[in-house]
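**Q** One predicted model, sequence on top.
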Amino acid sequence: MIKFIRLIFALFICFGASGFDCLLYGQVLENYDPHIAVSQNAKFFERADRLDVTIDLVKFPQADLRISMPADAALFFGGELWGVSPRDTVLYINMKDLVAHFSHGNNQLELSIFKKRIRKNEVSISKGIFAEAGRENATTEMEDQSRREKDMMKEFFFLAILLILFLVALLRTVYPSVFAVLLRSRSVFSAEDFWESAGLTKVYSSELLFFMILVNMAVSLLLMVFFSILEIPVFGIYIAAELNYLFLVWLSASVLLTILAFLKFVWIKINTFIFSLWKFELPHFFFLLRVKGLGMAAVIFLLIALYANDMMRDQTYLIYVLLGFLIFYLIGILVLLTWMTKKIEFKIYHLFSYLCTAELIPFLAICKWVLG
């Protein structure tokens with residue numbers, strides 16, 4: 001009887017170990033959840049709250065990486081955008097694909113997940129053998145499709161550059177003297193050319209309006225590349241990679257920025273009236289417009305170099321280009337302050353208050369919107 005009971009008990013154990021394996025979805029080899037680090041949105045240039053964890057590429061190279069993410073979260077590997085989850089998502093990524101894609105001789109890979117107000121308990125990261133890892137093929141196909149769609153953005157970028165260069169050549173042909181004054185590198189940080197009394201009608205002259213539109217076209221192109229490559233929504237809408245749509249958005253944004261430029265001139269004129277800086281709005285406006293034009297020429301050259309060398313996949317370079325332009329514009333504001341102290345008989349704190357109200361506060365608000 002005792003032997004019979006032992007036999008039944010042994011059969012029960014075998015049945016439990018083998019008969020119910022249909023309920024087992026996989027074997028976790030490494031659990032990264034305790035190692036996830038939270039980075040809050042405390043810095044000015046942080047785009048969102050972030051979760052970071054370091055993945056070991058050497059251990060278990062045949063396993064799969066399972067990542068559970070909440071909706072509207074962006075997944076980065078080594079600073080490269082891997083995907084954005086439109087809803088709560090579970091991704092299965094084979095370790096061999098990660099090693100092949102990030103074959104830089106590193107044994108570790110940094111994984112980051114961005115989302116505003118993300119919590120640690122919303123994310124789960126583990127490595128193992130999972131029965132549902134067959135979804136990896138669909139994930140890879142979606143990634144390849146998104147990369148192919150970005151080639152349309154590359155085609156649009158170079159077509160837009162050709163159009164801008166054509167307009168620059170037209171400006172140089174029609175207004176050679178204005179072109180030389182506006183983009184002469186030796187005088188870009190000098191406002192002597194614009195220090196003269198003039199009315200509002202000078203802003204509406206054809207040559208300066210032409211130049212203003214060119215600068216705004218370059219700025220809108222930079223913003224489109226930035227939002228499209230990083231897949232950041234603008235007012236909740238992602239920029240689609242379709243050629244006609246991209247041209248429509250680009251030209252519409254250029255017109256909108258030109259309108260905002262006129263509103264900025266009105267804003268500067270209001271501040272010159274408040275701070276009793278009579279007839280200073282034109283030198284102020286055209287000085288920074290010329291600085292912006294030179295800065296955008298350098299940015300366009302860098303973007304062409306990045307696209308030509310297939311370096312846009314590392315979004316870090318694009319972020320550095322945008323930060324470089326914003327820092328260059330900030331330096332232009334500081335140079336304007338120095339130039340004002342020599343031209344206008346006011347205390348330095350009075351001029352600094354004027355620039356803070358007219359330039360720095362709107363500038364920081366725009367930086368926060370673009371980079372935050």
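**A** Structure's in. What do you need?
**Q** mind listing the strands in this structure by residue range?
**A** Secondary structure of the chain (DSSP state E): strands located at 26-31, 37-39, 50-56, 64-69, 73-77, 80-85, 89-94, 108-114, 124-130.
**Q** looking at those strands, which is buried most?
**A** Of all those, strand 64-69 has the most neighbours on average by mean count of other Cβ atoms under 10 Å, namely a mean of 23. Any C-beta I mention is one placed from the backbone N, CA and C, and that applies to glycine too.
**Q** Is it possible to get JSON lines of the strands of the chain that adds mean pLDDT and distance to residue 332?
**A** Converted to JSON lines, those look like this (pLDDT from 0 to 100; distance: least, Cβ to Cβ, whole Å):
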{"stretch": "strand 26-31", "mean pLDDT": "75", "distance to residue 332": "51"}
{"stretch": "strand 37-39", "mean pLDDT": "80", "distance to residue 332": "32"}
{"stretch": "strand 50-56", "mean pLDDT": "87", "distance to residue 332": "31"}
{"stretch": "strand 64-69", "mean pLDDT": "88", "distance to residue 332": "41"}
{"stretch": "strand 73-77", "mean pLDDT": "87", "distance to residue 332": "32"}
{"stretch": "strand 80-85", "mean pLDDT": "81", "distance to residue 332": "31"}
{"stretch": "strand 89-94", "mean pLDDT": "85", "distance to residue 332": "44"}
{"stretch": "strand 108-114", "mean pLDDT": "87", "distance to residue 332": "31"}
{"stretch": "strand 124-130", "mean pLDDT": "85", "distance to residue 332": "44"}
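**Q** What is the burial count for residue 328?
**A** 16 (other Cβ atoms under 10 Å).
**Q** if I look at the residue nearest to it when sequence neighbours are not counted, how far off is residue 63?
**A** Excluding the flanking residues, the one nearest residue 328 by Cβ to Cβ, 6 or more residues apart in numbering is residue 295, at 4.6 Å. Going from residue 295 to residue 63 by Cβ to Cβ, to the nearest Å gives 48 Å.
**Q** can you check residue 110 too?
**A** Separation of residue 110 from residue 63 (Cβ to Cβ): 19 Å.
**Q** On the pLDDT front, check residue 183 for me.
**A** With respect to pLDDT, residue 183 scores 57.
**Q** same question but for residue 360, I mixed them up
**A** For residue 360, the predicted pLDDT is 83.
**Q** for the residue lying closest to it once chain neighbours are set aside, what are its contacts?
**A** Closest residue to residue 360 in three dimensions, ignoring its sequence neighbours and counting by Cβ to Cβ, 6+ apart: residue 333, at 6.7 Å. Neighbouring residues of residue 333 by Cβ atoms under 8 Å, 6 or more residues apart in numbering: 288, 355, 359-360, 363.
**Q** Might one say that residue 268 is in contact with residue 285?
**A** Yes. The pair residue 268 / residue 285 is scored as a contact, 5.7 Å apart, by Cβ atoms under 8 Å.
**Q** what are the bridge partners for residue 66, then?
**A** For residue 66, the beta-bridge partners under DSSP bridges are residue 92, residue 126.
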